[in-house]
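> For reference, the sequence and a predicted model appear below.
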Amino acid sequence: MSALFIDRYPDLPRAPVSVEPYVSDAYFEKERAGIFRRCWINVGRETDIAEPGEYFVRNIDVAGASVLVVRGSDGIVRAFHNMCSHRGNPVAWEERGKCRYFTCQFHGWSYDTKGALVHVSDRERFFGLDPAENGLTPIHCGVWQGFVFVNLAKMPDESLEDYLAPVTEFVDGYPFGTLVKSYGYRAVEQVNWKTLIEAQMEGWHLPYLHKNTLAKTATDKGKRFTHAALRCLGAHGLVSSLPPESFNPTPVTAISIKYGVGTFDAFAAEGEGEGKGPKWHGAFDLYHIFPNFYLGLLRGTYFTYNVWPLSRDRTVWEVTGYYPPATNAGQVFSQAVGGVGLRDTLREDAFTHEQIGRVIGSGAKEHFHLQDEETVIRHFLAQVEARVQT
Amino acid sequence: MSGALPQGFAALEQFAAWALPTERARNAKTNASTMAEVQAFYDAMLRALPGALDYLNGFALDAMPEPEQRLLDLCLAAVEAAMAVEMFGAVNPPYLMPVERFEPMHDAWAAARQEAAS
């Protein structure tokens, strides 16, 4: 047997993994507190709120929180609990917008874009209320490469910078700033969030599940599937795929490649690993940022996944794709080929998630088996377990 | 004026019903068609695509006249048809999450057109 990916991580167990974490309500309750109220969570892109006064709201249901992210009149991005200090009504009801003040629609209290309480209706009839002490409750917030993260803990265990350091070491230099949102999808699935996360943690399923889509244009005849690299990076992980031995685009994909960057062709692209850019491991470097964020880096395009547990067996999957800004019809077309192709590939994944979700609680299996190409799943489960136990 | 395409693309007029403004609508059109209809549209578009895209690249995206917008919509509908023809060999293929449940959150071309119109 050739060298194993797991050899690099002697602390990772090699035994079958327990089904319990996917089916136990008690386990899910511990995940709420130990993971989603403690870890740094990506909530969006800084470019979503480019102008002072622009805001977006991100409901983190698993933590029972609604997060209001706003660029203040001073240009600084801040996060607050979207909750009036009077009696708890969310002060922003729209998913996104732009304003100078957030006025609670329940009784008219107002806050400025820096979170200060600037108007209390019927103030003289309250009892010793100090507006200076009753602004919107701030949430720890940080930005890395334009990605906005929040941490719902009163005092985070570590800074965002330290938390992401094992990943930023490789990713910094990727030209995020030159790429803009091109496509996005959102699906509510009947599945535990970890099943959804783990489905993306290995490329081994490609020649099986995606034989009609992603794997159709790539042939690796008679070769055992292997990754370019699998890495455990702090709490996070890297799943890197090799370019296929040969790339045979379908007719429409072949046309799209002439007009711009697609997605299927990007999976097959190899670039230089040196110089100013990020440190590449393969053709497609997929970073899992613990607990619920993915960064899928390709040459010329990247996509993100945000995975939002709603309950033990219900999860939201958000997919967003980024390309250079399309300036002509040919680029619109090639981006559509990429977006739609990825959409249908991920619909294959989503179908499988729910198939598993449907039977996982049957009690038929107490353990699942993971091979070496699935090493990052073991790391993820160990990271979850460590936070559930503390 | 409904259904008119730019001069030189009259051969595609018979497929004018495919010129739909959103990804969701183009996908629904594909799924509501028979495989033979999708194949006929796909075959015609495969021949027309390079010429159409070269022609459309002569226009700024935010200043595209309506017939040209319609032609671009037709090209984008070919992307949906291609999934059925090239990938699945079927409309409404089994073993995928229904596309209605994969809600589009961002449709760059639809957004760009809306912005240009406002």
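It's in.

> Tell me which residue is most central in chain B.
With distances taken as C-alpha atoms, centre = their mean, residue B:77 lies nearest the centre of chain B, 2.0 Å away.

> who's in contact with that residue?
Neighbour list for residue B:77: B:18-20, B:26, B:29-30, B:41, B:45 [criterion: C-beta atoms under 8 Å, 6 or more residues apart in numbering or on different chains]. In short, each C-beta sits where N, CA and C put it, glycine included.

> Mark which of those residues are part of helices, please.
Judged by DSSP state H, the subset of the contacts of residue B:77 located in helices is B:26, B:29-30, B:41, B:45.

> Which single residue of the stretch 51-200 of chain A ends up nearest chain B?
residue A:184 (3.5 Å; C-beta to the nearest C-beta).

> Now do residue B:34 against residue B:26, distance only.
Distance of residue B:34 to residue B:26, computed by C-beta to C-beta, to the nearest Å: 16 Å.

> These two: who's more crowded?
In this view residue B:34 and residue B:26 are compared by other C-beta atoms under 10 Å in any protein chain shown, and residue B:26 has more residues nearby, 23 against 9.

> Isn't the more buried one up against residue B:80?
Yes: using C-beta atoms under 8 Å, residue B:26 is in contact with residue B:80, at 4.8 Å.

> Secondary structure class of residue A:97, three-state.
strand (DSSP: H, G, I helix; E, B strand; the rest coil).

> one step back: ok, then the element right after the strand or helix carrying the residue of the stretch 51-200 of chain A closest to chain B?
Per DSSP states H and E: residue A:184 is located in strand A:180-189. Per DSSP H and E, the first helix or strand lying C-terminal to strand A:180-189 is helix A:193-199.

> Next one: that following helix, is it in contact with chain B?
No: taking C-beta under 8 Å from any C-beta of the partner chain as the criterion, helix A:193-199 and chain B are apart, separated by no less than 11.7 Å.

> isn't the residue of the stretch 51-200 of chain A closest to chain B right next to residue B:108, touching?
No: here residue A:184 lies out of contact with residue B:108, judged by C-beta under 8 Å, at a distance of 9.3 Å.

> Neighbour count: the two, which is higher?
Taking other C-beta under 10 Å, residue A:184 and residue B:108 do not tie; residue B:108 has more neighbours (23 against 20).

> Give me every residue in chain B lying close to chain A.
B:23, B:46, B:49-50, B:53-54, B:56-57, B:59-61, B:64, B:68, B:72, B:75-76, B:78-80, B:82-83, B:86-88, B:93, B:95-99, B:101-109, B:112.

> List the buried residues of stretch B:90-103.
Along stretch B:90-103, these residues count as buried under the neighbour rule (16 or more other C-beta atoms under 10 Å in any protein chain shown): B:91, B:93, B:96-97, B:99, B:102.

> who touches that stretch?
Stretch B:90-103 has contacts (C-beta under 8 Å, 6+ apart) with A:185-189, A:212, A:343-344, A:346-348, A:350-351, A:354, B:27, B:30-31, B:33-35, B:38, B:84.

> Quick one: buried ones out of the residues you listed?
So, by 16+ other C-beta under 10 Å, the buried ones in the contacts of stretch B:90-103 are A:185-187, A:189, A:212, A:343-344, A:346-348, A:350-351, A:354, B:27, B:30-31, B:33, B:35, B:38, B:84.

> burial count for residue A:15?
9.

> hmm, which of the residues of chain B next to chain A are the buried ones?
By 16+ other C-beta under 10 Å, the residues of chain B next to chain A give B:23, B:46, B:49, B:53, B:56-57, B:59, B:61, B:64, B:68, B:72, B:75-76, B:78-80, B:82-83, B:86-88, B:93, B:96-97, B:99, B:102, B:104, B:106-109, B:112 as buried.

> ranges for the helices of chain B?
Using DSSP H, the helices of chain B run over B:23-31, B:35-56, B:66-82, B:108-117.

> how much does the first one deviate in direction from helix B:35-56?
Between the direction of helix B:23-31 and that of helix B:35-56, the angle (axes from the mean of the first three to the mean of the last three C-alpha atoms, to 10 degrees) works out to 140 degrees.

> contacts for helix B:23-31?
By C-beta under 8 Å, 6+ apart, the list of residues contacting helix B:23-31 reads A:183, A:336, A:339-340, B:17-18, B:20, B:38, B:73, B:76-77, B:79-81, B:83-84, B:91-92, B:99, B:104, B:107, B:110.

> Also the last one?
Helix B:108-117 has contacts (C-beta under 8 Å, 6+ apart) with A:181-183, A:326, A:332, A:335-336, B:21-23, B:61-64, B:69, B:72, B:76.

> For the residue lying closest to residue B:67 once chain neighbours are set aside, give me its contacts.
Take residue B:67 and drop its neighbours on the chain: the residue closest to it by C-beta to C-beta, 6 or more residues apart in numbering or on different chains is residue B:6, 4.5 Å away. With contacts defined as C-beta under 8 Å, 6+ apart, the neighbours of residue B:6 are B:55, B:65, B:67-68, B:71.

> Low-confidence bits of chain B, can you list those?
By pLDDT under 70, the weakly predicted segments of chain B are B:1-3.

> repeat that with 90
Along chain B, the parts satisfying pLDDT under 90 run over B:1-3, B:62, B:106-118.

> Am I right that residue A:56 is in contact with residue A:69?
Yes: with contact defined as C-beta under 8 Å, residue A:56 counts as touching residue A:69 (5.5 Å).

> what residues are shared contacts of these two?
Shared contacts of residue A:56 and residue A:69, defined by C-beta under 8 Å, 6+ apart, are found at A:43-44, A:49.

> Pick out the least confidently modelled helix or strand of chain A, by mean pLDDT.
Least confident helix or strand, chain A: helix A:264-267 with a mean of 64, by mean pLDDT, DSSP states H and E.

> Tell me which helix or strand comes right after it.
Immediately after helix A:264-267, counting by DSSP H and E, sits strand A:284-289.
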